[in-house]
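**Student:** no letters, just coordinates:
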């Protein structure tokens, strides 16, 4: 099972250990699913994490190590085509492009309404809690 993890899920999982996002991140390292990454996705992760995380907890080095870890375990995908503009928010188009290029099953996001058109192309758009439910059925 392959999934694109939107930045908002990654950020949420790093901010709190209490929610579904954190559980999704834990399952990355349990090999329960394959995260799909691309250069634009990693660059977005880096920009948002370095801007929004509590810097007294997450230094640049820690964020860089996390990104290196995601690059090590993630399935790298190159996007050879652009669907832009396709989604309501043009900043989300690269997420859809990555999901299509990698033949991902899911986009895991808290921004479902802006990504729902992805379902017209066969990509399921779900939040972290819904993804956990799917993963629990796979056991």
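**Tutor:** Thanks, I have the structure now. On a predicted model such as this, the values are computed, not experimentally measured, just so you know.

**Student:** what is the neighbour count of residue 11?
**Tutor:** Neighbourhood size, residue 11 [other C-beta atoms under 10 Å]: 17. C-beta: built from backbone N, CA, C; applies to glycine.

**Student:** that one belongs to a helix, doesn't it?
**Tutor:** Yes: checked against DSSP: H, G, I helix; E, B strand; the rest coil, residue 11 lies within a helix.

**Student:** residues in contact with it?
**Tutor:** With contact set as C-beta atoms under 8 Å, 6 or more residues apart in numbering, residue 11 has these partners: 48, 49, 52, 53.

**Student:** ok, now with 10 Å
**Tutor:** Contact analysis of residue 11 by C-beta atoms under 10 Å, 6 or more residues apart in numbering lists 21, 45, 48, 49, 51, 52, 53, 110.

**Student:** how about the residues you listed in JSON lines, adding neighbour count, secondary structure and distance to residue 28?
**Tutor:** Formatted as JSON lines, those follow (neighbours: other C-beta atoms under 10 Å; DSSP: H, G, I helix; E, B strand; the rest coil; distance: C-beta to C-beta, whole Å):
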{"residue": "21", "neighbour count": "26", "secondary structure": "helix", "distance to residue 28": "11"}
{"residue": "45", "neighbour count": "21", "secondary structure": "helix", "distance to residue 28": "13"}
{"residue": "48", "neighbour count": "14", "secondary structure": "helix", "distance to residue 28": "18"}
{"residue": "49", "neighbour count": "20", "secondary structure": "helix", "distance to residue 28": "15"}
{"residue": "51", "neighbour count": "9", "secondary structure": "helix", "distance to residue 28": "22"}
{"residue": "52", "neighbour count": "14", "secondary structure": "helix", "distance to residue 28": "20"}
{"residue": "53", "neighbour count": "17", "secondary structure": "coil", "distance to residue 28": "18"}
{"residue": "110", "neighbour count": "16", "secondary structure": "coil", "distance to residue 28": "17"}
